[in-house]
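Engineer: Give the three-dimensional model of this entry:
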Amino acid sequence: MIRRSQIVFLAMLAALTPLILIRFREAPVSSESIKVSAAPERTRDPETTPENDFAAHVEQLKKKLPSADFAIVVQPPFVVVGDGGADAVKDYSEHTVKWAVDRLKLDYFSKDPKDILDIWLFKDSASYERNAVALFGDKPPTPYGYYSSAHKALVMNISTGGGTLVHEIVHPFVEANFPGCPPWLNEGLGSLYEQCGEVNGHIHGYTNWRLPGLQRAIQAGTVLSFRKLMAMDTGAFYDDARGTHYAASRYLCYYLQQRGLLVKFYREFHARQKEDPTGYKTLKRILNVSDMNAFQQRWEKYVLSLKQGE
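Structural biologist: Numbering: from 1, shown residues only. Have a look, this model is predicted:
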């Protein structure tokens, strides 16, 4: 992963959902000290992980908490853990995690991740850096947050805002629903929603901090052709010190979104991946263009006309 900007996530108020709130006041914590806040039941999908699996997971999670400062909220398909106070953990679980999951599933994803995943929300840089090493043995690769499939965890410095959290939520859903997804689309979708809101009930990405760097790369003539970008494997894609691959992928997704084509592209690409492993043929068909070089020139002109924050 590369650097993330400090993004204020445009969280939208969502309906209250069932959750288990566990506040750790003293260590060790006895079962009598656990507070459970009840909410009306909702109908679960038959494939949804049963509640008793979450309860068992929470019991195991309690054993490895770094301190008594952490609160836990069950927000399927995740368990949200944080040391910024119980109210803050609950708020992020409802208004960022659930909000994003509901809208991502509406447009893109039919399956939840097969495993219960933990979302660790560390309250500041010191907590993030210290506890990532203590819990996972790894120094964080970015100052903002990352997804570790190996540790079944999303690890966040939540003081930098919720944008990186939404970005990283995309990845385990892609992993579960689109195993062969090329890195350009995986990161294109993730980075599209680093700064997002809601339009007509759907998640919607806005221009963000990646735009100026991409505009400079376009002016310098260093942006790869879409054919090359979309054909990159993970090693080549992530060898991207300036973040141009991320930015080009994001703003290709943004272009499709603005023309009402992004969800259609995703679904058609997903359905045709065996015959079109990079998505390039599907992109040409969705755009209804035969000359992709001419299209890329139009896209670059479009990107140069955008302004950050709009």
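Engineer: For the closest residue to Gln257 other than its chain neighbours, which residues are in contact?
Structural biologist: Spatial nearest neighbour of Gln257, chain neighbours left out: Gly205 (6.2 Å); criterion: C-beta to C-beta, 6 or more residues apart in numbering. In short, each C-beta sits where N, CA and C put it, glycine included. Each residue near Gly205 by C-beta atoms under 8 Å, 6 or more residues apart in numbering is listed here: 192-196, 250, 253-254, 257.
Engineer: Adding neighbour count, distance to Val101 and pLDDT, write those residues out as a markdown table.
Structural biologist: As requested, the contacts of Gly205 are exported to a markdown table (neighbours: other C-beta atoms under 10 Å; distance: C-beta to C-beta, whole Å; pLDDT from 0 to 100):
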| residue | neighbour count | distance to Val101 | pLDDT |
| --- | --- | --- | --- |
| Leu192 | 27 | 16 | 98 |
| Tyr193 | 25 | 12 | 97 |
| Glu194 | 27 | 16 | 95 |
| Gln195 | 25 | 18 | 95 |
| Cys196 | 24 | 13 | 96 |
| Arg250 | 27 | 20 | 98 |
| Cys253 | 24 | 19 | 98 |
| Tyr254 | 24 | 21 | 98 |
| Gln257 | 21 | 19 | 98 |
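Engineer: Just after the helix or strand of the chain with the lowest mean pLDDT, pick out the following helix or strand.
Structural biologist: Of all helical and strand segments in the chain, the minimum by mean pLDDT, DSSP states H and E falls on strand 21-23, at a mean of 35. Counting by DSSP states H and E, the element after strand 21-23 in chain order, helix or strand, is helix 51-62.
Engineer: Name the residues of that following helix that are buried.
Structural biologist: 54, 57-58, 61-62 (16 or more other C-beta atoms under 10 Å).
Engineer: Next: stretch 291-307.
Structural biologist: 292, 295-296, 299-300, 303, 306.
Engineer: Which of those sits closest to Ala68?
Structural biologist: Leu306 (47.1 Å; C-beta to C-beta).
Engineer: what pLDDT does that closest one get?
Structural biologist: At Leu306, the predicted lDDT confidence score is 98.
Engineer: ok, now Pro143?
Structural biologist: So Pro143 comes in at 94 (pLDDT).
Engineer: Check the one 3 residues further on too.
Structural biologist: Reading off the confidence values, Tyr146 has pLDDT 96.
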